[in-house]
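In: what's the 3D shape of this:
(one chain, ligands or ions: 1)
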Amino acid sequence: MARRPPIEIKICGLTDPDAVDAAVEAGADWLGAVFFAPSPRAVTAEQAADLFDGLPDDVGTVGLFVDPDDALLDQVLTRVRLDLIQLHGQESPARVDAIRLEYGRPVMKALGVATRADLAAAQAYADHADRLLLDARPPPGADRPGGHARAFDWSILAGWTAPLPWMLAGGLTPETVAAALRATGAPAVDVSSGVERAKGVKDPALIARFCAAVRAAEADRTEGDRA
Ligand SMILES: O=C(O)c1ccccc1N[C@@H]1O[C@H](COP(=O)(O)O)[C@@H](O)[C@H]1O
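Out: Numbers count the residues shown, from 1 in each chain. Below is the predicted model:
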């Protein structure tokens, strides 16, 4: 088997410089900021610009939006270095196309999944988005579509062929991420709640543990591929 690329790690919902430093130090590939006011992790464009200022070039930055209008995208994208736009709402394939065209950034479309039937939605974005993110569906009545520390049943991904590069999200923690990677073969993982000491408050030690757990799982995967 050809050697698989390193597993990409995204730490999302960053709000403070210590957590940003911890994520960079621990080898995260992507750092995410949430531009959705109801989130306990929401930041302003100015706060995100400060957080992401001076990051190494090989660390990518992600802006998470939920059904954003152009005014919000304009406001953020003119101020903040963003390498990837994450759309976590009900954005249609046509809206994804429009955002890609208008802002010239790759787009990662998040899909809420609970059953295998939900994976069919991925195909609809195959020619429109650059990446997909699979997340658990939010609990009924939730005020936001993600960031609830909820995992979905990873076994629904058995035999699934992703139409685009994708990330696994939803309730991952330093304790569960290795099992999630074994169960899904995900090429990338995204975490928010699982590296927090309180809702919206990142914990540098948990960020370090999460990244170390991914790298250990990656080493096991490489060993398994060789055997
Ligand atoms: O983090 C939020 O508050 C949030 C708000 C709106 C949409 C998505 C949000 N978070 C994203 O949800 C997934 C899973 O998060 P968790 O690890 O289960 O907390 C991840 O992409 C978050 O960035």
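
In: show me the helices in this protein, by range?
Out: 17-25, 45-52, 70-77, 93-103, 120-124, 177-184, 204-226 (DSSP state H).

In: the nearest residue to residue 186 once chain neighbours are set aside: neighbour count?
Out: Distances taken as C-beta to C-beta, 6 or more residues apart in numbering place residue 168 nearest to residue 186, at 3.8 Å, with adjacent residues excluded. Placement of C-beta: from N, CA and C, glycine included. By other C-beta atoms under 10 Å, 25 other residues sit near residue 168.

In: the one 5 residues further on now?
Out: Other residues near residue 173 come to 18 when the count uses other C-beta under 10 Å.

In: residue contacts, the closest residue to it other than its chain neighbours?
Out: Nearest residue to residue 173 in three dimensions, chain neighbours excluded: residue 194, at 3.6 Å (C-beta to C-beta, 6+ apart). For residue 194, the contacting residues are 149, 171-174, 176-177, 206, 210, by C-beta atoms under 8 Å, 6 or more residues apart in numbering.

In: report the separation between residue 71 and residue 178.
Out: Distance of residue 71 to residue 178, computed by C-beta to C-beta, to the nearest Å: 42 Å.

In: the two: which has the busier surroundings?
Out: Higher neighbour count among residue 71 and residue 178: residue 178, with 16 against 8, using other C-beta under 10 Å.

In: quick check: that one touching residue 215?
Out: No. With contacts counted by C-beta atoms under 8 Å, residue 178 stays clear of residue 215, the gap being 10.2 Å.

In: among the helices of the chain, which is nearest residue 35?
Out: Closest approach to residue 35 among the helices of the chain is made by helix 70-77 (5.4 Å; C-beta to C-beta).

In: burial count for residue 164?
Out: Residues contacting residue 164 under the criterion other C-beta under 10 Å number 16.

In: wait, it touches residue 124, no?
Out: No. Between residue 164 and residue 124 there is no contact under C-beta under 8 Å: 11.2 Å.

In: beta partners for the most centrally placed residue in the chain?
Out: Residue closest to the mean C-alpha point of the chain, counted by C-alpha atoms, centre = their mean, is residue 190 at 4.0 Å. Beta bridges link residue 190 to residue 10 when assigned by DSSP bridges.

In: and the gap between it and the ligand?
Out: 4 Å (C-beta to the nearest ligand atom, to the nearest Å).

In: who are the contact partners of that residue?
Out: Under the contact definition (C-beta under 8 Å, 6+ apart), the residues listed for residue 190 are 10, 12, 30, 32, 133, 135, 167-169, 172.

In: for the ligand, what are the nearby residues on this structure?
Out: For the chain, the residues in contact with the ligand (C-beta under 6 Å from any ligand atom) are 12-13, 32, 34, 36, 39, 41, 64, 66, 88, 133, 135, 144-150, 169-172, 190-194.

In: now those: which count as buried?
Out: Among these, the ones that count as buried by 16 or more other C-beta atoms under 10 Å are 12-13, 32, 34, 36, 39, 41, 64, 66, 88, 133, 135, 144-148, 150, 169-172, 190-194.
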